[in-house]
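Engineer: could you work out the structure for the sequence below:
(2 chains)
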Amino acid sequence: MQYEGDLETAAPDPGIDPSIFRFIAFSLSRLSKGVRMEEVLAVTDRVVDAHKADREALVEILREVNDESGHLTREHLRRIAEHTNLPLSEIYSVASFYSLISLEPLGRHVIRFCQDAPCHIAGGREVWEALEQELGIPFGETTFDEQWSLLTTSCIGACAVGPVMMVDGDIYGNLTPEKVREIITRYREADAQDVTPAPQGG
Amino acid sequence: MAFRAHVIISGAPEQAQGVKTALLEQIDTLGLNEEVEIREATDLTIASQGVEAIVYPDATHYIDLTPEDAALIAEEHLYKGRPVERLVYEEPGVEPLPEPSIKEVRVVLKNVGKINPEDIDDYIAEDGYAALGKALTEMTPDDVIAELKASGLRGRGGAGFPTWLKWTFARQATGSPKYLVCNGDEGDPGAFMNRRVLEGDPHSVIEGMAIAAYAIGASQGYFYVRAEYPIAIETLRVAIEQARTYGLLGENIFDTGFSFDLEVRMGAGAFVCGEETALMQSIEGKRGQPRTRPPFPAVSGLWGKPTNINNVETYANVPQILLKGGEWFASMGTERSKGTKTFAIAGKVKRTGLIEVPLGITVREIIYDVGGGILDDKAYKAVQTGGPMGGCIPEKYLDMPVDYESLASVGSIMGSGGFVVMDEDTCMVDIARFFMEFVQEESCGKCVPCRVGTRKMLDILNRICGGEGRPGDIESLEVLGKYIKSGSLCGLGQGAPNPVLSTIEHFRDEYEAHIYDKKCPAQVCRALIEYKVDPETCIGCTRCARNCPVDAISGTPREAHIIDPEICIRCGICEQVCPVNAISHE
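Structural biologist: Below you'll find the model as predicted:
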């Protein structure tokens, strides 16, 4: 944990992409929590069993484990390889091919903003910038507190109400910079209530 | 139980739920529970009008409903029999259609929004599964194919290959078992017709597939739907389950000995999986990369077996063709492009949404008569058809008929039916860059010309939009485009340069303005615009300086301010906040 403090105060060499520091800090913070091996095995085993370790269901297996665990670690992939009797390299090649399967940890909420032309024409650029500003991260990254990941998605078929984004599983349309700030605030408030144990003021 | 009235509600789930709850509560209060039935549909009109409701039997159409409105409708309309005029939907403020002949013809969409997709009885009431019954009991597989031949139906997924011919190849192929696949991996930006059909009328596709299976001699089918369409997948699963319960899928359908069952397979986010060979790789649980053709799927498809693959809309047309006859279908459309086609209209047009029109209709009719014209009555610039592998159609081709051959003749394609309308405020170079970004990201990486070439084209386009375009860039784009098209295996690579090549062909002047004059005529590319304060108008209120995120504006209060173009990031905030409109950009 010492590293995290140091990294925050140290002025990064201007010649180095500052995102690398964020990445290191992020990885360290994940490490400190430790990967819960039993959980990895339990989730993987359950999903693989549900598909009878069928090779042709590999894409589905990977996606379902991914959805339950948030992302896939090396341990997940190794376990799936054991069960399906396929080389780890092949599991990795399939997992890395599909955009809805993540090999990196993501935040509690994942925003997938449509980056396609119809949404762009409808004013997507301003919304895109508002998202980056509001969350303080560029697209493709996850916030320090691990609450938000900001990703792009290809068309989600709601072009008539663009610009569009998906927050976790929910679709929001007709977005404006104000509206995305409102939506993010709403999620933040809901999360805050989650962790507040007792109702306030009856 | 017979109901006196039915209310069908549609809209975004989070809002529609509130309206439905309010309506139910009020109906309960008024004791109308046994007289009124509430149903949900996916979309009632082509435009997005908030939460909508249609009250039957009088078919009063309400839009933009709040929970309070719903309670009022229950009280006034359902209880007292007086429609709430204030909430009734009227044609939005566009002129009446100039020519009465121009109308939508709904074949594929005939049930969408009208029936409950999660109730098979609703579909059966609209002649659902009658075509399957007819095929199995009165027709031979050859009769079915002959009927399709008479209809002239061509693949609705993009390439436009005659459906009857595809089925014939699969039927004649030796090898067993044979498989049937439905391509529901609709990924083109701006295309959402398949999603609506799957969410609104899934049985029409299932029935079409069952008929196709009978025609080619398959007993197992796969339905591949992209994971980005969770509602469609759920609706489809419910529909398949109900069809099984009714004996319309499974063993010995209609007691004829014919068996057919369906399995849903979900994608995991890869655009290229819409390509048929890639899609089949994905069903087999592999990386979705295309392979060379031949052999075509009809000979060697899923697990090397003969496979017929069609798109959602193609299958959805089949039951209607069998019921009404191929001649009826062929009476619509043009000489070589028969029937109707759904289009998803998006972009700068008054009425966005899904439409279905006979092929051969002109671009102008689609945009101005069906779509209501350009938003805010601005000038039309172009329409992008066929998604990221399509092209742009400029103003001079507005009166061109929309059919497979005409679109191809001007450098675009039919594609799955995306129709992205652009007005005078759209920069064509920026749009081309956007589509290139898309294909660059979605290229699977197998063919080098596609993988590296699209990257190179994107670099050049980024440079042009960033104000650093160089003489020769346009020519480089053209050469690269030619090589990518000729050196790629699948439709993605072969079509990837199309948006760039077609915008260069029709809007070369815009590219030249970016490169040589360092100007973006539509004032979209930020590196090429400059914000300026008009010293005559500026009242020195300091609001722009206070709102500038990078402190690029200086000046003393009550005196004209100045923007430093070196620091300015062209965010446009100063222009928005100026109370006297002293700031402009060019």
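
Engineer: and for residue 162, the neighbour number?
Structural biologist: No chain specified, so I'll use chain A. Applying other CB atoms under 10 Å in any protein chain shown, we find 29 residues neighbouring A:G162. For every residue, glycine as well, the C-beta is placed using N, CA and C.

Engineer: think we crossed wires, I meant chain B
Structural biologist: By other CB under 10 Å, neighbour count at B:P162 equals 17.

Engineer: with A:R36 instead?
Structural biologist: 12.

Engineer: measure it to chain B for me?
Structural biologist: Distance, A:R36 to chain B, using CB to the nearest CB, to the nearest Å: 24 Å.

Engineer: OK, contacts around B:Y404?
Structural biologist: B:R154, B:G160, B:R336, B:S337, B:M414 (CB atoms under 8 Å, 6 or more residues apart in numbering or on different chains).

Engineer: switch those residues over to CSV; also include distance to chain A.
Structural biologist: Below are the contacts of B:Y404 laid out as CSV (distance: CB to the nearest CB, whole Å):
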residue, distance to chain A
B:R154, 23
B:G160, 21
B:R336, 29
B:S337, 24
B:M414, 17
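
Engineer: buried only: go through those residues for me.
Structural biologist: B:R154, B:G160, B:S337, B:M414 (16 or more other CB atoms under 10 Å in any protein chain shown).

Engineer: remind me, longest helix of chain A?
Structural biologist: Counting by DSSP state H, the longest helix found in chain A is helix A:177-195.

Engineer: tell me how far that helix lies from the chain's centre.
Structural biologist: 17 Å (CA atoms, centre = their mean, to the nearest Å).

Engineer: what are the contacting residues of it?
Structural biologist: Outside helix A:177-195, the residues touching it (CB under 8 Å, 6+ apart) are A:108-109, A:126-127, A:129-131, A:134-135, A:147-148, A:165, A:167, A:172.

Engineer: now do stretch A:115-129
Structural biologist: By CB under 8 Å, 6+ apart, stretch A:115-129 touches A:113-114, A:139, A:152-155, A:159, A:162-165, A:175-177, A:180, B:189-190, B:346-348, B:384, B:388, B:418, B:420, B:422, B:426, B:431, B:434-435, B:437-438, B:571.

Engineer: just the CA coordinates for the longest helix of chain A, please, in PDB.
Structural biologist: What follows is helix A:177-195, C-alpha atoms only, in PDB (Å, rounded to 0.1, in the frame of the first residue of the first chain):
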ATOM      1  CA  PRO A 177     -24.500  16.800 -21.100                       C
ATOM      2  CA  GLU A 178     -27.000  17.800 -18.300                       C
ATOM      3  CA  LYS A 179     -28.800  14.500 -18.500                       C
ATOM      4  CA  VAL A 180     -25.700  12.300 -18.100                       C
ATOM      5  CA  ARG A 181     -24.600  14.400 -15.100                       C
ATOM      6  CA  GLU A 182     -28.100  13.800 -13.600                       C
ATOM      7  CA  ILE A 183     -28.000  10.100 -14.300                       C
ATOM      8  CA  ILE A 184     -24.500   9.600 -12.700                       C
ATOM      9  CA  THR A 185     -25.700  11.600  -9.700                       C
ATOM     10  CA  ARG A 186     -28.700   9.400  -9.400                       C
ATOM     11  CA  TYR A 187     -26.500   6.300  -9.300                       C
ATOM     12  CA  ARG A 188     -24.100   7.900  -6.800                       C
ATOM     13  CA  GLU A 189     -27.000   8.700  -4.500                       C
ATOM     14  CA  ALA A 190     -28.400   5.200  -4.800                       C
ATOM     15  CA  ASP A 191     -25.000   3.700  -4.000                       C
ATOM     16  CA  ALA A 192     -24.600   6.100  -1.000                       C
ATOM     17  CA  GLN A 193     -27.900   4.900   0.400                       C
ATOM     18  CA  ASP A 194     -26.800   1.300  -0.100                       C
ATOM     19  CA  VAL A 195     -23.900   1.700   2.300                       C
END
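
Engineer: which among the contacts of helix A:177-195 gets closest to chain B?
Structural biologist: For the contacts of helix A:177-195, the closest approach to chain B (CB to the nearest CB) belongs to A:E129, at 7.5 Å.

Engineer: the helix or strand hosting the closest one - what's its average pLDDT?
Structural biologist: Per DSSP states H and E, A:E129 falls inside helix A:125-135. On average, the pLDDT along helix A:125-135 is 91.

Engineer: next: stretch B:509-520.
Structural biologist: 94.

Engineer: so who does B:V51 touch?
Structural biologist: For B:V51, counting by CB under 8 Å, 6+ apart, the contacting residues are B:I9, B:S10, B:G11, B:A12, B:Q15, B:A16, B:V19, B:I63, B:D64, B:L65, B:T66.

Engineer: swap the cut-off to 10 Å and go again
Structural biologist: B:9-12, B:14-20, B:44, B:62-67, B:69-70 (CB atoms under 10 Å, 6 or more residues apart in numbering or on different chains).

Engineer: what's the answer for B:I115, then?
Structural biologist: By CB under 10 Å, 6+ apart, the contact set of B:I115 is B:8, B:39, B:41-42, B:121-126, B:128, B:200-201, B:203-204.

Engineer: one more: B:C450?
Structural biologist: B:272, B:439-440, B:442-444, B:483-485, B:487-490, B:492-494, B:496-497.

Engineer: which of those residues count as buried?
Structural biologist: Buried positions within the contacts of B:C450, assessed by neighbour count (16+ other CB under 10 Å), are B:272, B:439-440, B:442-444, B:484-485, B:488-490, B:492-494, B:496-497.

Engineer: would you confirm that B:Y380 contacts B:K348?
Structural biologist: Yes: using CB atoms under 10 Å, B:Y380 is in contact with B:K348, at 8.7 Å.

Engineer: contacts for the helix or strand hosting A:A42, please.
Structural biologist: For A:A42, the host element (DSSP H and E) is helix A:37-50. The contact list for helix A:37-50 (CB under 10 Å, 6+ apart) reads A:36, A:53-54, A:57-58, A:60-69, A:72-80, A:82-84.

Engineer: could you tell me which of those residues count as buried?
Structural biologist: A:53, A:57-58, A:60-67, A:69, A:72-73, A:75-77, A:79-80, A:83-84.

Engineer: which of those residues come close to chain B?
Structural biologist: Residues of the buried ones among the contacts of helix A:37-50 in contact with chain B (CB under 10 Å from any CB of the partner chain): A:A57, A:L58, A:E60, A:I61, A:L62, A:R63, A:E64, A:N66, A:D67, A:T84.

Engineer: name the element the fourth one belongs to?
Structural biologist: It refers to A:I61. Using DSSP H and E, A:I61 sits within helix A:58-69.

Engineer: any weak-confidence spans in chain B?
Structural biologist: B:1, B:42-49, B:90-103 (pLDDT under 70).

Engineer: how about the strands in the stretch 301-450 of chain B?
Structural biologist: Here the stretch 301-450 of chain B has its strands, by DSSP state E, counting those that start in this stretch, at B:307-311, B:340-347, B:353-358, B:380-385, B:391-394, B:418-423.
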